[in-house]
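>>> What would the 3D arrangement of this be:
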Amino acid sequence: MANVRPHSINSSALTRFPQMLESNFQMAYSKVGLRNTFGSLASSDYRHFAVSLLLNSQGAQLLQTAVFWQVYDMTGSALLLGLSGLARAAPHMVLSLIGGVVADRFNRVRLIQAGQIANGGLVLALAGLTLIGSVAVWHLYLITFLNSTFTAVTQPARTALIPSIVSQRNLVNAIALSATIGQTSQIVGPALAGVAIGTIGIGSAYVVNGLLYLAAMIAIIGVQASHPRSEAQESPWSSFIQGLSFVRSQPAIISLLLLDLGETVLGSYRALLPIFAEALGTGPTGYGLLSAAPGVGSIVGAGVILSLGDMKYKGLYTVFGVLAYCVALVLLALSPWFILSFIAAGLLGTTNSVQMIPRNTVILSISPDALRGRVEAFRSMLAGGGPPIGYALSGGLATVLGAPMALVVGAVTCSVLVAGVGIKRSELRDPYLGSTTKA
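Sure thing, here's the model as predicted:
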């Protein structure tokens, strides 16, 4: 009898032990998962950077959405709507390269702040013109051009700053979180623009836009990052040529940039969303929701990439991500219902994140810090200039073929290009392309 009670106690403990072990394991796993998912936020500098990026991205999305709607509202022309993209494309195609040189020679944080102040003042001026009823279409083109100019000069510095404020092992995480922030802005910015246009008016929407830019400038104050080193005797032109030579020596970077260009130019759709919204009978609110849907999808895509960590086959993620994007584009073009159009637009965001995060990680990983600004300038030139050129192209095609057929033609052409690059360029099939560790 004396042994019964101890034996009973031990049996109870043994019965509970697997449950306790499983519970402790789940807690530990949860903590590790959170650490992996939000590892970059452990850096105070990255947290400041992230807040600034969020505010700046929301401002950029709000401005683009509002300008598209205002141009279409004033003109009713698909062609003029698409041509507004040229005003955005030109500075990116020319000045991004200059911005890359500047980003590798000066304080990147100060450069970002200067651009945000300039854009804030610019949009507040547009707000004033709109509120007093003196705005004309050429004002919208001019503001778009100048906003794109300031963004083109500062964007290389923004992206090149990331590896300086996080550790190498958190680089994929930081890029994925930054992409998530940007795509979150594609939800909040367009949705906010749609609601604001329908309630407080487009002039007041621009006021909010300008304040977001200025708040972004304040948020990044205090970020400490190593400054890029450049030879004192090196001229800006020599610095530019050095960056160009490096990009030309990296087949992987060239291939990835070509894939990006194919998606952004041939797979462009944003400038046509007001037309789809009108055709579906949803007005500015529906337009805002359609513009926000890719942001919703992008968060899903970024979440998938975050869960994978430093995955293998980043090149193939890019190739198949763009091909899936083309399928979603056709779905958007042919959809007869708003809910299906919303889902298709969301899938465009998901597939874009799946291909974009691995692509940018590879480019930053294989670029030396002293050259990152210039390398990023080439990517920024295409990322910033490609979509507006795509807006003009899709607008022109829509004028001739109609908006749905314009998207179908773009999707098919993009698919052929991407499939060809994926088959021809063997470096994209390297499992360790852009990885921090190898087997």
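
>>> Make sure Ala118 is actually in contact with Ser148.
No. Contact criterion Cβ atoms under 8 Å: Ala118 and Ser148 do not qualify, at 11.7 Å. To be clear about C-beta, it is placed using only N, CA and C from the backbone, and glycine gets the same treatment.

>>> Buried residues, stretch 104-111. List them.
Buried residues in stretch 104-111, defined by neighbour count with 16 or more other Cβ atoms under 10 Å: Asp104, Arg105, Phe106, Arg108, Val109, Leu111.

>>> quick one: what helix or strand has the residue lying closest to the last one once chain neighbours are set aside in it?
Translated: Leu111. Closest residue to Leu111 apart from its sequence neighbours, by Cβ to Cβ, 6 or more residues apart in numbering: Ala157 at 4.6 Å. Here Ala157, judged by DSSP states H and E, is contained in helix 137-165.

>>> next one: Ala344
helix 338-365.

>>> and that helix, how far out from the chain's middle?
Its chain's C-alpha centre and that of helix 338-365 lie 9 Å apart, by Cα atoms, centre = their mean, to the nearest Å.

>>> what helices or strands is that helix leaning on?
Helices and strands touching helix 338-365, by 3 or more Cβ pairs under 8 Å, 6 or more residues apart in numbering; DSSP states H and E, are helix 137-165, helix 171-199, helix 251-261, helix 283-308, helix 314-334, helix 372-401.

>>> Adding mean neighbour count, write those out as JSON lines.
What follows is the helices and strands packed on helix 338-365, written out as JSON lines (neighbours: other Cβ atoms under 10 Å):
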{"stretch": "helix 137-165", "mean neighbour count": "22"}
{"stretch": "helix 171-199", "mean neighbour count": "23"}
{"stretch": "helix 251-261", "mean neighbour count": "20"}
{"stretch": "helix 283-308", "mean neighbour count": "22"}
{"stretch": "helix 314-334", "mean neighbour count": "22"}
{"stretch": "helix 372-401", "mean neighbour count": "24"}
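
>>> export these to a markdown table and tack on mean pLDDT and distance to Gly410?
Output for the helices and strands packed on helix 338-365, formatted as a markdown table (pLDDT from 0 to 100; distance: least, Cβ to Cβ, whole Å):
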| stretch | mean pLDDT | distance to Gly410 |
| --- | --- | --- |
| helix 137-165 | 83 | 22 |
| helix 171-199 | 77 | 20 |
| helix 251-261 | 85 | 13 |
| helix 283-308 | 81 | 16 |
| helix 314-334 | 91 | 7 |
| helix 372-401 | 77 | 6 |
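
>>> Could you pull up the contacting residues of the spatially closest residue to Pro251 that is not a sequence neighbour?
Excluding its sequence neighbours, the residue lying closest to Pro251 (Cβ to Cβ, 6+ apart) is Glu427, at 5.3 Å. Going by Cβ atoms under 8 Å, 6 or more residues apart in numbering, Glu427 touches Pro251, Ala252, Ser255, Gly315, Leu433.
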